[in-house]
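Trainee: build me a model from this:
(2 chains)
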Amino acid sequence: MANIIEVKHLSYKYGEEQRPALKDVSFDVHAGEWLAIVGHNGSGKSTLAKSLDGLLPFTEGTITVDGVKLTPETVWDVRSKIGMIFQNPDNQFVGATVEDDVAFGLENRQVPRTTMLPRVKAALAEVGMADFAQREPSSLSGGQKQRVALAGIVAIAPEILILDEATSMLDPQGRSDMLALVRQLRERQHLTVISITHDIDEAAGADRILVIDDGQLIEEAQPATIFARGAGLIEMGLDLPFTAKLKQALQQRGITPPAGYQTTAEMEEWLWQSLSNT
Amino acid sequence: MAISFEHVTYTYQAGTPMAHTAIEDVSFSVPDHGYLAIIGHTGSGKSTLIQQLNALFKPTAGEIHVDDFTVTPSTTNADLKPLRQHVGMVFQFPESQLFEETIRKDIAFGPQNFGMSETDANALADEMLTTVGLDASYAERSPFELSGGQMRRVAIAGVLAMRPQVLVLDEPTAGLDPQGRQAMMALFERLHREQGLTIVLVTHQMEDVAQYAEQVAVMREGKLVKYGQPQEVFADPDWLRANQLDVPRAAQFAQRLAQRGLTWDPLPLTAEQLADQITARWPAKGADHV
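Mentor: As a prediction, the model looks like this:
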């Protein structure tokens, strides 16, 4: 698979801080994949996301996005390929109405009004918010606000979507709706998704997980490999999957479950076999 | 402190064309030293409900009792001061309410407002700082240099400095990472157990409800639609899903096994409870398996 992003030896330091926020980070993102980046608070994962979008002037290393090397000269070119959604939906609204907000990105790209109007409408329909076009953003729920933010991204059709803890302030329903929507968009628009998250379910849906700790990339693996770490997951800023919690509780009671990571279905099967074969 | 609601109704902008009834005829009671979780879909009236507890909103109809305080539609603000001192409110994202130059001053602000001397308030601030798990070295620092989770602890220390007997928490772990969430919930559990604080928790985290709550209130469209112990409330997962509420993971898992013929008594709500019942029927132990 081709790489849509290549990061090589990236380091970054905030102002006067002694410790670098990122230390010699290198990795690739494959076109079309869903990559989760995890790490506890303060690990540097948000710094990494911001670097990819040219929001932070890193001093060492290189970032190449879709064949374009990120420099002060190419930053706008690179940003046109990336859509970003942040944690707090209230901090990213600019329009007075929902449709104005979705149109903002297109206006910035000098899309003529005649093509802009249908694109805004289509984008809102895509995220299920067509009926809210005239509403004030402040009258929406958190989940609805994030869907509008997503519509803003659908409208500009970037190649890459970065979710920076975009579901962490939503209620469980809002969270699973949002993730389902991103999955749909990804299929339809062949998006590459990078999600920075603490949510175990969000991470479980990824093709690959990168673990960042203390500004360094410490692990790169598939979810099943990462989830087999048990208690170590808490250190990575993730919660334990339910099956790992259950295995821990069973071990404490003298029952030895199979090694490695089990999905819920695998765990169910094992318990059913063990309990019914008597 | 025991709490009871008797037929409480609250209408926003009552008597105007904009009138909107946010909670309607709600009655329930929480025993002294209780731990109540309030759950319900966004917009179901949870936040309006808890704001009745220290009479930020006074009921449009009905009565609220907190220990021997009574709040009715005609209670005046002057009568509310003792109540407000006993009911500590932690709103969503409380760190946004920090404002002082130093953490010590921020925590000491409330007690001083209620007439405590600066020296006493400062000593209390340092004590509260330790209670929320930050050491005294933080006292002189600016609250704005801290991480989000630490800022939230300082805001909670400010509420605890009022020495409340009821602690009302509106989604206190929203936006924290799992480690921060666990530590925060453990802090409330400790305050509940060691200091006998009555806790009222508004949350979307069903795992926390299963693990910590003694009573659960389910709100829907302003009405209290279910009230009882977690076991009773979670006993009917289909009903919960119909109300757009999550079911604890352990209960979901136990139900899948139940569909294959295993029986549970009662339905386990946490991994620990599930493991207990599995262990009891584990074949090698020769226990009473099915």
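Trainee: count of residues packed around the residue nearest to residue A:183 when sequence neighbours are not counted?
Mentor: Nearest residue to residue A:183 in three dimensions, chain neighbours excluded: residue A:205, at 7.2 Å (Cβ to Cβ, 6 or more residues apart in numbering or on different chains). Quick note: C-beta positions are derived from backbone N, CA and C, even for glycine. Per other Cβ atoms under 10 Å in any protein chain shown, the neighbour tally for residue A:205 reads 17.
Trainee: quick one: pLDDT of residue A:205?
Mentor: The model reports residue A:205 with a pLDDT of 88.
Trainee: and the closest residue in space to residue B:235 that isn't next to it in sequence, what does it touch?
Mentor: Nearest residue to residue B:235, sequence neighbours excluded (Cβ to Cβ, 6+ apart): residue B:267, at 5.8 Å. Taking Cβ atoms under 8 Å, 6 or more residues apart in numbering or on different chains as the criterion, residue B:267 is in contact with B:231, B:234, B:235, B:251, B:254, B:255.
Trainee: want to throw the residues you listed into CSV with secondary structure and pLDDT?
Mentor: Listed next are these as CSV, based on DSSP: H, G, I helix; E, B strand; the rest coil; pLDDT from 0 to 100:
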residue, secondary structure, pLDDT
B:231, helix, 91
B:234, coil, 92
B:235, coil, 88
B:251, helix, 93
B:254, helix, 94
B:255, helix, 92
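Trainee: of those, grab the buried ones for ChimeraX.
Mentor: Buried subset of the contacts of residue B:267, written as a ChimeraX selection, criterion 16 or more other Cβ atoms under 10 Å in any protein chain shown:
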select /B:234,251,254,255
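Trainee: ok, of the contacts of residue B:267, which one's closest to residue B:31?
Mentor: The nearest member of the contacts of residue B:267 to residue B:31, counting by Cβ to Cβ, is residue B:231 at 16.8 Å.
Trainee: just to revisit the earlier point, how near is the residue nearest to residue B:235 to residue B:208?
Mentor: The gap separating residue B:267 from residue B:208 is 18 Å, by Cβ to Cβ, to the nearest Å.
Trainee: and if you look at residue B:269?
Mentor: Distance, residue B:269 to residue B:208, by Cβ to Cβ: 11 Å.
Trainee: mind checking which of these two has more residues around it?
Mentor: More neighbours surround residue B:269 than the other of residue B:269 and residue B:208, with 25 against 22 (other Cβ under 10 Å).
Trainee: correct me if wrong: that one contacts residue B:251.
Mentor: Yes - assessed by Cβ atoms under 8 Å, residue B:269 is found in contact with residue B:251 at 5.4 Å.
Trainee: element containing the residue nearest to residue B:114 when sequence neighbours are not counted, please.
Mentor: Among residues not flanking residue B:114 along the chain, residue B:85 sits closest, at 6.1 Å (Cβ to Cβ, 6+ apart). Secondary-structure assignment from DSSP states H and E places residue B:85 in helix B:81-86.
Trainee: residues in contact with that helix?
Mentor: By Cβ under 8 Å, 6+ apart, helix B:81-86 touches B:1, B:54-55, B:66-67, B:69, B:71, B:114, B:162-166.
Trainee: likewise for stretch A:83-103?
Mentor: Contacts of stretch A:83-103 (Cβ under 8 Å, 6+ apart): A:49, A:53, A:104, A:116, A:120-121, A:123-124, A:129, A:132-138, A:140, A:142, A:145-146, A:148-153, A:155-156, A:158, A:160-166, A:168-169, B:175.
Trainee: buried set for the lengthiest helix in chain A?
Mentor: Counting by DSSP state H, the longest helix found in chain A is helix A:172-189. For helix A:172-189, the neighbour count (16+ other Cβ under 10 Å) marks A:172, A:173, A:174, A:175, A:176, A:177, A:178, A:179, A:181, A:182, A:185, A:186 as buried.
Trainee: let me see the mean pLDDT of the next helix-or-strand element following that helix.
Mentor: Next helix or strand after helix A:172-189 toward the C-terminus (DSSP H and E): strand A:192-196. The pLDDT scores in strand A:192-196 average 96.
Trainee: partners of strand A:192-196, with directions?
Mentor: Sheet pairing of strand A:192-196 (DSSP bridges) gives strand A:34-38 (parallel), strand A:160-164 (parallel).
Trainee: how distant is that strand from the center of its chain?
Mentor: Relative to its parent chain, strand A:192-196 has a centroid offset of 4 Å by Cα atoms, centre = their mean, to the nearest Å.
Trainee: over to stretch B:132-150?
Mentor: In this view, stretch B:132-150 has its centroid 23 Å away from the chain centroid, taken as Cα atoms, centre = their mean.
Trainee: could you dump that stretch to CSV, C-alpha only?
Mentor: Presented in CSV, the C-alpha positions along stretch B:132-150 are these (Å, rounded to 0.1, in the frame of the first residue of the first chain):
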residue,chain,number,x,y,z
VAL,B,132,-7.8,15.6,46.0
GLY,B,133,-4.4,14.1,45.6
LEU,B,134,-2.2,17.1,44.8
ASP,B,135,0.6,17.8,47.3
ALA,B,136,1.2,21.1,49.1
SER,B,137,3.9,22.2,46.7
TYR,B,138,1.1,23.1,44.3
ALA,B,139,-0.4,25.8,46.6
GLU,B,140,1.6,28.7,45.3
ARG,B,141,1.4,27.8,41.7
SER,B,142,-1.0,29.3,39.2
PRO,B,143,-4.0,27.0,38.5
PHE,B,144,-3.6,27.8,34.8
GLU,B,145,-0.2,26.0,34.6
LEU,B,146,-1.8,22.6,35.4
SER,B,147,-3.0,19.9,33.1
GLY,B,148,-6.8,19.6,32.5
GLY,B,149,-7.2,16.8,35.0
GLN,B,150,-5.2,18.6,37.7
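Trainee: what comes up buried for the host helix or strand of residue B:122?
Mentor: Residue B:122 belongs to helix B:118-131 when elements are defined using DSSP H and E. Residues of helix B:118-131 classed as buried by neighbour count (16+ other Cβ under 10 Å): B:121, B:122, B:124, B:125, B:126, B:128, B:129, B:131.
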